[in-house]
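For reference, the sequence and a predicted model appear below.
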Amino acid sequence: MLEVKNITVTFETDEGVFKAVDDVSLNINKNEIVGLVGESGCGKSVTALSILRLIPLPSGRIEKGEILFKGKDLLKLDAGEMRKIRGRAISMIFQEPASALSPLHRIGKQMVETILLHKDMTNKEAWNIAENWLKSVKIPDAGERMFDYPYQLSGGMQQRVMIAMALMLEPDLVIADEPTTALDVTIQAQVFELIREMRKSRTAVLLITHDMGVIWEMCDRVIVMYASRIVEEGSRSDIFSKPAHPYTIGLLKSIPKLSPELSGDAGRLRAIPGYVPSPYNYPSGCHFRDRCPDAFDRCKKEIPEFVDLGPGHRAACFLRTN
Ligand SMILES: Nc1ncnc2c1ncn2[C@@H]1O[C@H](COP(=O)(O)OP(=O)(O)O)[C@@H](O)[C@H]1O
Ligand code: SF4
Ligand SMILES: [Mg+2]
């Protein structure tokens with residue numbers, strides 16, 4: 001349904017030009033929950049924003065590649081055609097509800113206007129749809145909450161409103177960028193439940209997270225990204241039972257449940273020593289080489305190509321051969 005082909009995204013800042021996303025290809029099929037995982041700064045959000053053509057201008061630029069959605073290249077659509085896709089066919093849930101909700105308008109009004117923008121129906125019909133979606137994301141007294149402004153709701157409630165708005169037009173694809181990072185554990189579990197329900201309809205989900213525990217709970221397929229590049233991709237069982245890239249192996253060690261002695265941020269740092277390098281200073285060759293326990297001479301000189309390790313399982317590391 002969605003096929004991202006060889007996308008490269010650059011940013012130009014006062015300090016120079018860098019690649020935030022380097023030659024990334026991925027696809028998402030109907031009814032699938034695909035996880036995109038990697039530490040902060042690896043290019044996950046920029047990948048997501050490029051799918052919806054929301055890369056901030058003028059500093060950001062999609063240098064090359066194609067984004068095929070149901071066979072059409074989204075990069076070739078004009079602004080009007082792209083607006084129809086956004087929200088209707090592909091919608092996005094952000095970490096921060098503030099980026100999706102207008103502080104100036106009552107929740108019901110925002111929802112109804114969005115529905116009417118995309119669907120031919122009466123105000124009353126749109127109002128009922130909006131209210132029902134608020135009920136289905138478990139907002140208590142949904143009818144009354146429709147008259148609230150976003151600031152009158154707690155962070156968790158705002159997050160649910162945003163999720164209702166992302167789902168109410170029944171999109172083909174929902175991109176959820178760290179949708180639960182700011183929420184407490186109970187609400188997190190409820191949001192996951194909602195995302196699983198979406199998939200029961202026909203909606204596909206691209207779930208972005210830095211947390212392998214979330215991937216374990218939620219995803220059918222996993223794409224691992226490190227320092228602007230995809231380094232491994234596979235089914236959930238490929239990634240958890242035969243991870244092939246040293247970075248994936250490091251991320252797995254950071255799951256508190258699998259390594260109880262490592263938990264929280266301190267544990268994560270211990271699981272993979274060092275930090276994601278600044279995009280201005282990515283090392284030559286393999287971007288992971290200065291943190292990789294297995295690096296050797298060749299890793300400095302050449303960029304590893306993908307090696308096929310089985311159906312749908314590939315990794316970019318010189319240690320792997322098929
Ligand atoms: N608007 C922007 N201007 C300049 N640099 C940006 C912008 N957005 C993201 N970046 C940089 O691009 C890289 C990838 O960022 P991002 O995709 O947000 O990472 P992730 O979502 O994996 O944490 C980072 O180095 C980040 O600082
Ligand atoms: S290519 Fe080399 S540095 Fe990169 S992950 Fe593999 S062994 Fe490590
Ligand atoms: Mg991000």
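Ah, there it is. Ligands and ions are numbered 1, 2, ... in the order given.

pull the CA atoms of stretch 277-284 into PDB?
Output of stretch 277-284 as PDB, limited to C-alpha atoms (Å, rounded to 0.1, in the frame of the first residue of the first chain):
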ATOM      1  CA  PRO A 277      26.800  10.800  16.600                       C
ATOM      2  CA  SER A 278      25.900  14.300  15.400                       C
ATOM      3  CA  PRO A 279      24.700  14.100  11.800                       C
ATOM      4  CA  TYR A 280      27.400  16.600  10.900                       C
ATOM      5  CA  ASN A 281      30.000  14.100  12.000                       C
ATOM      6  CA  TYR A 282      28.700  10.600  11.000                       C
ATOM      7  CA  PRO A 283      31.700   8.300  10.700                       C
ATOM      8  CA  SER A 284      32.900   7.100   7.300                       C
END
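
in it, what counts as buried?
Across stretch 277-284, burial judged by 16 or more other CB atoms under 10 Å covers P277, P279, Y282. In short, each C-beta sits where N, CA and C put it, glycine included.

closest to ligand 1 among those residues?
Comparing these against ligand 1 with CB to the nearest ligand atom places P279 closest, at 4.4 Å.

From what I see, the closest one and V21 are in contact.
No - look at P279 against V21 with CB atoms under 8 Å: they stay out of range, at 9.9 Å.

returning to what we had before: check the buried residues of stretch 277-284 one by one and keep those near ligand 1.
P279 (CB under 6 Å from any ligand atom).

now the buried residues of stretch 277-284 in a markdown table, with distance to ligand 2, secondary structure and pLDDT?
Shown next, in a markdown table, are these (distance: CB to the nearest ligand atom, whole Å; DSSP: H, G, I helix; E, B strand; the rest coil; pLDDT from 0 to 100):
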| residue | distance to ligand 2 | secondary structure | pLDDT |
| --- | --- | --- | --- |
| P277 | 13 | coil | 94 |
| P279 | 17 | helix | 94 |
| Y282 | 12 | coil | 95 |
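
how about the buried residues of stretch 277-284 in JSON lines, adding distance to T10?
JSON lines is the format used below for these (distance: CB to CB, whole Å):
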{"residue": "P277", "distance to T10": "17"}
{"residue": "P279", "distance to T10": "10"}
{"residue": "Y282", "distance to T10": "13"}
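
Which stretches in the stretch 201-322 of the chain count as strands?
Assigned by DSSP state E, counting those that start in this stretch, the strands in the stretch 201-322 of the chain fall at 204-209, 221-226, 229-235, 307-310, 313-315.

want to throw these into TSV with distance to ligand 1 and mean neighbour count?
Shown next, in TSV, are the strands of the stretch 201-322 of the chain (distance: least, CB to the nearest ligand atom, whole Å; neighbours: other CB atoms under 10 Å):
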stretch	distance to ligand 1	mean neighbour count
strand 204-209	7	24
strand 221-226	7	26
strand 229-235	11	24
strand 307-310	24	15
strand 313-315	19	23
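
Could you point out which of those sits nearest Q190?
With CB to CB as the criterion, Q190 lies closest to strand 204-209 of the strands of the stretch 201-322 of the chain, at 15.3 Å.

for the closest one, packing partners?
If contacts are counted by 3 or more CB pairs under 8 Å, 6 or more residues apart in numbering; DSSP states H and E, strand 204-209 sits against strand 33-37, helix 44-51, strand 173-177, helix 185-200, helix 212-218.

Just send the ones you listed back as CSV, with mean neighbour count too.
Putting the helices and strands packed on strand 204-209 into CSV (neighbours: other CB atoms under 10 Å) gives the following:
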stretch, mean neighbour count
strand 33-37, 25
helix 44-51, 23
strand 173-177, 24
helix 185-200, 15
helix 212-218, 20
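
So which of those is nearest ligand 2?
Taking CB to the nearest ligand atom, strand 33-37 is the member of the helices and strands packed on strand 204-209 nearest to ligand 2, at 16.0 Å.

pLDDT on the closest one, on average?
The average pLDDT within strand 33-37 is 97.

ok so, going back, may I see the strands of the stretch 201-322 of the chain arranged in a markdown table, with mean pLDDT as well?
Listed next are the strands of the stretch 201-322 of the chain as a markdown table, based on pLDDT from 0 to 100:
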| stretch | mean pLDDT |
| --- | --- |
| strand 204-209 | 95 |
| strand 221-226 | 98 |
| strand 229-235 | 98 |
| strand 307-310 | 96 |
| strand 313-315 | 98 |
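
Format those strands as JSON lines; extra columns: distance to G60.
Listed next are the strands of the stretch 201-322 of the chain as JSON lines, based on distance: least, CB to CB, whole Å:
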{"stretch": "strand 204-209", "distance to G60": "17"}
{"stretch": "strand 221-226", "distance to G60": "17"}
{"stretch": "strand 229-235", "distance to G60": "18"}
{"stretch": "strand 307-310", "distance to G60": "31"}
{"stretch": "strand 313-315", "distance to G60": "28"}
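
can you give me the strands in the stretch 51-200 of the chain?
Counting by DSSP E, counting those that start in this stretch, the stretch 51-200 of the chain has strands at residues 60-69, 72-73, 90-93, 173-177.

export those strands to CSV and tack on distance to K5 and mean pLDDT?
As requested, those are exported to CSV (distance: least, CB to CB, whole Å; pLDDT from 0 to 100):
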stretch, distance to K5, mean pLDDT
strand 60-69, 4, 96
strand 72-73, 9, 95
strand 90-93, 17, 92
strand 173-177, 16, 94
